[in-house]
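1. With the sequence up front, the predicted model follows.
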Amino acid sequence: MKTRLLLIYFFLVLSIISNAQDIHFSFAERNPLVLNPALAGANFKKEATLNYRNQWSSLGEPITTTSLGFYSRLTKKRRNIGNTLALGIQFVNDKAGNPRISSNNLSFVLADHIQLSNESKIGVAISAGYAQRAIRIEDGQWATQYNGSFYDPSLGSGESLETNEFRYLDMGVGLLYTYIEGGRMFSQTDKRLINVGLSAYHINRPNNSFFAVNTDRLPVRYSAFASAEIGIESTNGAFLPGVYYHQQGSSNQLLVGALYKFRITDDTRYTGFNKPLSVSFGVFGRLKDAAILKMMLDWDQYSFGYSFDFNTSGLNEYSSGFGANEIFLRVRIPEGGPSRFSK
């Protein structure tokens, strides 16, 4: 069994180094700046997010990913007049197993949303960031350290790199179409909110090699998504479907599913005495990888969510189906007025 785990870790780490695939979140819709920079200022005036993902803990040292994001609109015009500018900032930290491969990325976003009509607008955005990646060879467990019977850390790994750390500039762009019909976010059962977006990250193809400068360029990640929140008339419910597709190099990923949102209490628009409260449950699937259960709680401007990935890939034999745990926290910051949660 130890031999199997050692080999699993070896191939997981090898895939991380060679394919250099980007991070991913099951709560893609609750991590806006990682999904598409044009989401900055599109749906809310201000928004702060915290996302945390713990993956493959059943196989030993897990892969953990943490992201922090914030954006704010710069203009105070009503949403159906002219252009709306927004600024955003995003920090992502990723730590991958043994040997410890870590990456940090700090990026800034500038978005502009052009109103097409009272209900629709189109947004464009650019992101510019600075990234750092490092590896700790000495923390790894390598096949050469297997003596035929068991893992022996006293044996040399035989591994060496030209550098254990490198840095690079990272650029991305995004395009977004948003359609909003109905009133406030929480109380209107006839509300329709639709987002459709395209984005590209690493468009400058930065170096991504521990061996030599410019020997391995990071592939561009192309992302496309469509999500919606559709109020069900004459009920306290809403339907939240979503489709998210990513393509990076020869690898691709498709995430699709839906949530049902049930409104427990509504807000009192003018007095603010009652706070809106809703719960959401749903199922998503990541093609050839995982089945995902999601649950969310929305209270006032605060949101919390938890998801669990049931592994369905070839690693299921060793992971016993335990893929990943993920949580998110979100705060939509009001800017005053009776419709303080309006878009």
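-> Cool, got the structure. As the structure is a computational prediction, the values presented were derived from the model and not from experiment.
2. Chain neighbours aside, what residue packs nearest to residue 305?
-> Closest residue to residue 305 apart from its sequence neighbours, by Cβ to Cβ, 6 or more residues apart in numbering: residue 296 at 4.1 Å. The way it works is simple: take the backbone N, C-alpha and C, and place the C-beta from them, glycine included.
3. Apologies, that question was intended for residue 39.
-> Using Cβ to Cβ, 6+ apart and skipping residues adjacent in sequence, the residue nearest residue 39 is residue 32, 3.7 Å away.
4. For the one you found, give its distance to residue 261.
-> Distance, residue 32 to residue 261, using Cβ to Cβ, to the nearest Å: 18 Å.
5. Can you classify the nearest residue to residue 23 once chain neighbours are set aside as helix, strand or coil?
-> Leaving aside its sequence neighbours, residue 23 sits nearest to residue 65 (Cβ to Cβ, 6+ apart; 4.9 Å). Three-state call for residue 65 (DSSP: H, G, I helix; E, B strand; the rest coil): strand.
6. Show me what the strand or helix carrying residue 135 is packed up against.
-> Assigned by DSSP states H and E, residue 135 belongs to strand 120-136. In terms of contacts (3 or more Cβ pairs under 8 Å, 6 or more residues apart in numbering; DSSP states H and E), strand 120-136 is packed against strand 83-96, strand 100-115, strand 165-181.
7. between those strands, which one is nearest to residue 45?
-> Residue 45 lies closest to strand 83-96 among the helices and strands packed on strand 120-136, at 8.9 Å (Cβ to Cβ).
8. so how far is residue 291 from residue 323?
-> Plainly put, residue 323 is 9 Å away from residue 291 if you go by Cβ to Cβ.
9. who's more crowded, those two?
-> Per other Cβ atoms under 10 Å, whichever of residue 323 and residue 291 has more neighbours is residue 323, with 26 against 16.
10. can you tell me which helix or strand the nearest residue to residue 308 once chain neighbours are set aside belongs to?
-> Of all residues not flanking residue 308 in the chain, residue 293 sits nearest, at 5.2 Å (Cβ to Cβ, 6+ apart). In this assignment (DSSP H and E), residue 293 forms part of strand 290-299.
11. So which bits of that strand are buried?
-> For strand 290-299, the neighbour count (16 or more other Cβ atoms under 10 Å) marks 290, 291, 292, 294, 296, 298 as buried.
12. What strands flank it, and is each parallel or antiparallel?
-> strand 277-286 (antiparallel), strand 302-311 (antiparallel) (DSSP bridges).
13. Out of those, which gets nearest to residue 124?
-> Per Cβ to Cβ, nearest to residue 124 of these: strand 302-311, 26.4 Å.
14. what comes into contact with the closest one?
-> 26-27, 30, 55, 280, 284, 286, 289-297, 319, 321-332 (Cβ atoms under 8 Å, 6 or more residues apart in numbering).
15. how about 6 Å then?
-> Contacts to strand 302-311, defined as Cβ atoms under 6 Å, 6 or more residues apart in numbering, come from residues 26-27, 290-297, 319, 321, 323-331.
16. what are the phi and psi angles of the nearest residue to residue 300 once chain neighbours are set aside?
-> Of all residues not flanking residue 300 in the chain, residue 275 sits nearest, at 4.3 Å (Cβ to Cβ, 6+ apart). When read as degrees, to the nearest 10, the backbone of residue 275 gives phi -100, psi 140.
17. In PDB, please show the C-alpha coordinates belonging to the helix or strand residue 68 falls within.
-> Under the criterion of DSSP H and E, residue 68 resides in strand 63-73. Extracted as PDB, the C-alpha positions of strand 63-73 are listed here (Å, rounded to 0.1, in the frame of the first residue of the first chain):
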ATOM      1  CA  ILE A  63      -3.100  20.100  -2.300                       C
ATOM      2  CA  THR A  64      -4.500  23.300  -0.800                       C
ATOM      3  CA  THR A  65      -5.600  26.400  -2.600                       C
ATOM      4  CA  THR A  66      -6.600  29.700  -1.000                       C
ATOM      5  CA  SER A  67      -7.800  32.800  -2.900                       C
ATOM      6  CA  LEU A  68      -8.700  36.300  -1.600                       C
ATOM      7  CA  GLY A  69     -10.500  38.800  -3.800                       C
ATOM      8  CA  PHE A  70     -12.000  42.200  -3.700                       C
ATOM      9  CA  TYR A  71     -13.500  44.700  -6.200                       C
ATOM     10  CA  SER A  72     -15.300  47.900  -6.100                       C
ATOM     11  CA  ARG A  73     -17.000  50.100  -8.700                       C
END
